[in-house]
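1. can't give you the sequence, but here's the structure:
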């Protein structure tokens, strides 16, 4: 494909950007600048065996990965040492042999001596061993796929299977691997071999042409045998794009599960082209599901734990799109771990936004309910419990502990916590946004910032939360900021502020609390205090 310079310019002229401020006119691209690259990409896709589609934007990647350099050779005049081959993908034919040209050639019959091959009608060249020696009889065998690389003079046989000498035998063993085309659904391979495989001994090898691309944990049914899990080579469940539709997937049985033998490594992280949603349901879900549906059916179903949903989102470059995890009404006894997300976008955890008490995250003993170390997240519609009141030792810690990242919280009900309902540390950034914040349990502090952590109430100068405190609660301080922490607190309203016992605030070691009112603005039964450079700034 030739470079297409801007319309009306000299050959190979560069493109320039227009600038109205200087009166500079931008380049005018000719139609060929668009048409020719598109036609070449469409030809690449077609020659790789795919049908170009508007709905699939990964076809060029698949075409390059799958390769378009497969040829079936024929013996000219029936001579197995004089071969000719043409690309199975059709035109265009190659114009010349370039050093490094790599071909996969199906061989028609065993050779009987030195072999030459012509590709697409070009002159014939010898096929050599890597040592530079001519091929000996049976170096090429009928039905094998020979991998050839052009070195500038000859084709070298890369997958040479052995050597001969006066003292060394070149043995050939025939291994028959059962083959079948998959007749199953996504992530549920069905392999009805004929003759049937009636048992699954450890070490069994099978070859299956996939009917679908793997998108997550998968299973296989071999004839009438029970379904078996398929894993990657490191024994972890299969992931999106571990194997593709049409791929010849080689599987080995280890006595309990099948492993993908020809799985080449961790696939490139997929990039989102639209928002995506996952579901979690403790009662009906399973962490071996794909999380792609609220109910089980059609090869899809919810996860059982929130952490499994979070881990699934980390497999994607969000590319500016959000991912949502919808969590069903249940009590989830787990510590939710939120780590660094991939690409621009927010992972949104959504419970019951109307009745947050219906979706409970209750931390195991000695753990935070939600622990964040990085990434961009939001939580809407949850109740968080981190153990018993502060007087009970040896239990859990914070409802939310942030050691990094960004978090937006809305419609949250806070139960008891040994330490803080919300603890923001180490440059983390918390926004308590529009919605109802309910305080239903004791803690050492309701909110605390430390180590340059920042807590902000409201978004873009508005959307402040509504607080409700339905019964008596106790705090050592309602709000605390120390070690250069900062918080800016403003409520739309507070219902039940008289139910709060304890000091309103404490600022220490250059910690700052900026509130939308005077020293009586925050809930609490006694005045706040400052020490060692701490500041309280009221409106």
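-> Structure's in. What do you need? Values in this document were obtained by computation on a predicted structure and should not be read as measured data.
2. Residue 240 falls within a helix, correct?
-> No: in this structure, residue 240 is coil, not part of a helix, as judged by DSSP: H, G, I helix; E, B strand; the rest coil.
3. Not counting its neighbours along the chain, what's nearest it?
-> Nearest residue to residue 240, sequence neighbours excluded (C-beta to C-beta, 6 or more residues apart in numbering): residue 215, at 5.0 Å. Bear in mind the C-beta positions are built from the backbone N, C-alpha and C, glycine included.
4. got it, and residue 380?
-> With sequence-adjacent residues excluded and distances taken as C-beta to C-beta, 6+ apart, residue 380 is closest to residue 410, at 4.5 Å.
5. SS state for the one you found?
-> In three-state terms, and counting by three-state DSSP, residue 410 is strand.
6. correct me, but the residue nearest to residue 240 touches residue 243?
-> No: at 10.2 Å, residue 215 and residue 243 do not qualify as touching, with contact defined as C-beta atoms under 8 Å.
7. If you count surrounding residues, which of these two has more?
-> In this comparison of residue 215 against residue 243, neighbours counted by other C-beta atoms under 10 Å, the higher total goes to residue 243 at 26 against 18.
8. what separates that one from residue 251, distance-wise?
-> Computed as C-beta to C-beta, to the nearest Å, the residue 243 to residue 251 distance reads 10 Å.
9. about what we covered before: next, give phi and psi for the residue nearest to residue 240.
-> With angles defined as degrees, to the nearest 10, residue 215 sits at phi -120, psi 0.
10. Residue 47 too?
-> The phi and psi torsions at residue 47 (degrees, to the nearest 10) take the values phi -70, psi -20.
11. Please renumber the chain so that the first residue is 147 from this point on.
-> That works, and once the first residue is 147, the last one we named lands at residue 193.
12. Count the neighbours of residue 306 for me.
-> 17.
13. what do you get for residue 329?
-> Applying the criterion other C-beta under 10 Å, we find 12 residues in the vicinity of residue 329.
14. just residue 418 next, same as before
-> The criterion is other C-beta under 10 Å. On that basis, residue 418 has 18 neighbouring residues.
15. Same question for residue 330.
-> The burial metric for residue 330, expressed as a neighbour count using other C-beta under 10 Å, is 19.
16. Over to the one 10 residues further on?
-> Around residue 340 sit 8 other residues, with neighbours defined as other C-beta under 10 Å.
17. domains in this structure, as residue ranges please.
-> Using automatic domain parsing, the domain ranges for the chain come out as 215-303, 325-406, 497-683.
18. on contacts alone, who are the packing partners of the helix or strand in which residue 183 is found?
-> Mapping residue 183 onto the secondary structure by DSSP states H and E places it in helix 177-193. Using 3 or more C-beta pairs under 8 Å, 6 or more residues apart in numbering; DSSP states H and E as the contact criterion, the elements in contact with helix 177-193 are helix 205-212.
19. ok now the helix-or-strand element of the chain with minimal mean pLDDT, how far from the chain's centre?
-> Taking mean pLDDT, DSSP states H and E as the measure, the helices and strands of the chain show their lowest mean at helix 205-212, namely a mean of 77. For helix 205-212, the distance between its averaged C-alpha position and the chain's averaged C-alpha position is 19 Å (C-alpha atoms, centre = their mean, to the nearest Å).
20. How about stretch 450-458?
-> Its chain's C-alpha centre lies 13 Å from the corresponding centre of stretch 450-458 when counted by C-alpha atoms, centre = their mean.
21. Check which residues of it are buried.
-> Residues of stretch 450-458 classed as buried under the neighbour-count rule (16 or more other C-beta atoms under 10 Å) are 450, 451, 452, 453, 454, 455, 456, 458.
22. Using CSV, lay out the residues you listed together with secondary structure.
-> What follows is those, written out as CSV (three-state DSSP):
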residue, secondary structure
450, coil
451, coil
452, helix
453, helix
454, helix
455, helix
456, helix
458, helix
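23. what's the closest of those to residue 225?
-> Closest to residue 225 out of the buried residues of stretch 450-458 is residue 458 (57.2 Å), distances taken as C-beta to C-beta.
24. hang on, that closest one packs against residue 424?
-> Yes: Residue 458 is in contact with residue 424 according to C-beta under 8 Å; the separation is 5.8 Å.
25. what residues are shared contacts of the two?
-> Both residue 458 and residue 424 are contacted by 437, 449, under the criterion C-beta atoms under 8 Å, 6 or more residues apart in numbering.
26. which residues in the stretch 147-296 of the chain form strands?
-> Remark: strands assigned in the stretch 147-296 of the chain by DSSP state E, counting those that start in this stretch are 216-221, 228-233, 248-252, 261-265, 271-274, 291-296.
27. Return the residues in contact with the closest residue to residue 215 other than its chain neighbours.
-> Taking C-beta to C-beta, 6+ apart as the measure, residue 215 lies nearest to residue 249, with 5.5 Å between them; neighbours along the chain are not counted. The contact partners of residue 249, taken as C-beta under 8 Å, 6+ apart, are 215, 217, 231, 265, 293, 294, 295, 296, 301.
28. Name the stretch among the domains of the chain that sits most buried.
-> The densest packing among the domains of the chain, expressed as mean neighbour count by mean count of other C-beta atoms under 10 Å, is seen in domain 497-683 with a mean of 20.
29. for the record, mean pLDDT for stretch 516-525?
-> Per-residue pLDDT over stretch 516-525 has a mean of 97.
30. same thing with stretch 160-173?
-> Per-residue pLDDT values over stretch 160-173 give a mean of 90.
31. Using neighbour counts, pick out the buried residues of that stretch.
-> Those would be residue 173, for stretch 160-173 by 16+ other C-beta under 10 Å.
32. Tell me the gap between that stretch and the middle of its chain.
-> 41 Å.
33. what's it in contact with?
-> Stretch 160-173 is touched from outside by 151, 152, 153, 155, 175, with contacts defined as C-beta under 8 Å, 6+ apart.
34. quick one: low-confidence ranges for the protein?
-> Within the chain, the ranges that satisfy pLDDT under 70 run 212-214, 234-237, 307-321, 410-414, 534-542.
35. Give me the most central residue, it.
-> residue 461 (1.6 Å; C-alpha atoms, centre = their mean).
36. Make sure that one is indeed in a helix.
-> No: using three-state DSSP, the secondary structure at residue 461 is coil, not a helix.
37. That one: what's it in contact with?
-> With the criterion set at C-beta under 8 Å, 6+ apart, residue 461 makes contact with 385, 386, 415, 416.
38. let's go with 10 Å and repeat that
-> With contacts defined as C-beta atoms under 10 Å, 6 or more residues apart in numbering, the neighbours of residue 461 are 362, 385, 386, 387, 413, 415, 416, 488.
39. Let me have those residues in a markdown table, adding distance to residue 160 as columns.
-> Formatted as a markdown table, the entries for those read as follows, by distance: C-beta to C-beta, whole Å:
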| residue | distance to residue 160 |
| --- | --- |
| 362 | 46 |
| 385 | 43 |
| 386 | 40 |
| 387 | 38 |
| 413 | 37 |
| 415 | 34 |
| 416 | 35 |
| 488 | 35 |
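40. returning to what we had before: now do the helix holding residue 183 against helix 205-212, angle only.
-> For the pair helix 177-193 and helix 205-212, the angle between their directions (axes from the mean of the first three to the mean of the last three C-alpha atoms, to 10 degrees) equals 50 degrees.
41. Any idea how far helix 177-193 is from the middle of the chain?
-> The chain centroid and the centroid of helix 177-193 are separated by 30 Å under C-alpha atoms, centre = their mean.
42. Can you list the residue ranges for helices in the stretch 347-496 of the chain?
-> 452-459 (DSSP state H, counting those that start in this stretch).
43. the strands in it, which residues?
-> For the stretch 347-496 of the chain, strands defined by DSSP E, counting those that start in this stretch occupy the ranges 351-355, 364-368, 374-377, 394-399, 404-406, 422-426, 469-473, 477-478, 482-484, 493-496.
44. Dump the ones you listed to a markdown table, plus distance to residue 589.
-> Written out in a markdown table, the entries for these read as follows (distance: least, C-beta to C-beta, whole Å):
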| stretch | distance to residue 589 |
| --- | --- |
| strand 351-355 | 55 |
| strand 364-368 | 44 |
| strand 374-377 | 43 |
| strand 394-399 | 53 |
| strand 404-406 | 48 |
| strand 422-426 | 26 |
| strand 469-473 | 23 |
| strand 477-478 | 19 |
| strand 482-484 | 18 |
| strand 493-496 | 21 |
